[in-house]
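S.K.: Show me the folded form of this:
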Amino acid sequence: MKYLIFILTLSLCFSVDSQDKKLKSNTFLRVYNLNGKKVAKGKLLLTTETMLTLSKNNETINISIDSIGSIKTKRTVGNNILIGSSIGAATTIILSTSMGESFIEGYAGIGTLVSTGTGAGIGLITSIFKNSKTFQINGDLVQWEAFRARLADPSE
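M.R.: Coordinates of the predicted model:
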């Protein structure tokens, strides 16, 4: 059992990248307006000279460059914490049911709470190494073209 937990812990820590990679067409982006409020999020589909196109839940979202204040890559820290805590809880529940122990009796409930907290902590630690990038556009076509060049340049 301790080997299973050790392997699970190590596998959650392998999201650290040692090199900067270019943004791909399926990169997750969060788009903020000129006031700093999030207006859209989704995977990058297409960029044109005046438009950004995202995909979310099989829907296409078109955003004009004039209304974009900034663009952030990757998901928020809360997403890492949620995934880590879900993995921790699911692991304990699966292990306790496979041992024949009822979820209510014994220490399975306490174990679930502890592993959920541990998973959330691991998710928080992995978010430190997330390396999310922020691009300030502010409705400026020059900054937009620099962002588009970053998408197309494979050396970055």
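S.K.: which residues of the chain score low on pLDDT?
M.R.: Within the chain, the stretches with pLDDT under 70 are 8, 10-25, 100-107, 152-156.
S.K.: Please, where are all the helices along it?
M.R.: 2-12, 77-98, 108-128, 141-152 (DSSP state H).
S.K.: Mind listing residues that contact the longest one?
M.R.: Spelled out, that is helix 77-98. 1, 4-5, 8, 12, 103, 106, 108, 111-112, 114-124, 126-127, 130 (Cβ atoms under 8 Å, 6 or more residues apart in numbering). C-beta here means a position set from N, CA and C on the backbone, and glycine is covered the same way.
S.K.: Buried ones among the residues you listed?
M.R.: 12, 108, 111-112, 115-116, 118-120, 122-123, 126-127, 130 (16 or more other Cβ atoms under 10 Å).
S.K.: Same list (these) but as TSV, adding distance to Thr91.
M.R.: Output for these, formatted as TSV (distance: Cβ to Cβ, whole Å):
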residue	distance to Thr91
Leu12	11
Ala108	12
Gly111	10
Thr112	9
Ser115	6
Thr116	10
Thr118	10
Gly119	8
Ala120	13
Ile122	12
Gly123	13
Thr126	16
Ser127	20
Lys130	23
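S.K.: so which pair among those residues is furthest apart in space?
M.R.: Ala108 and Lys130 (32.1 Å; Cβ to Cβ).
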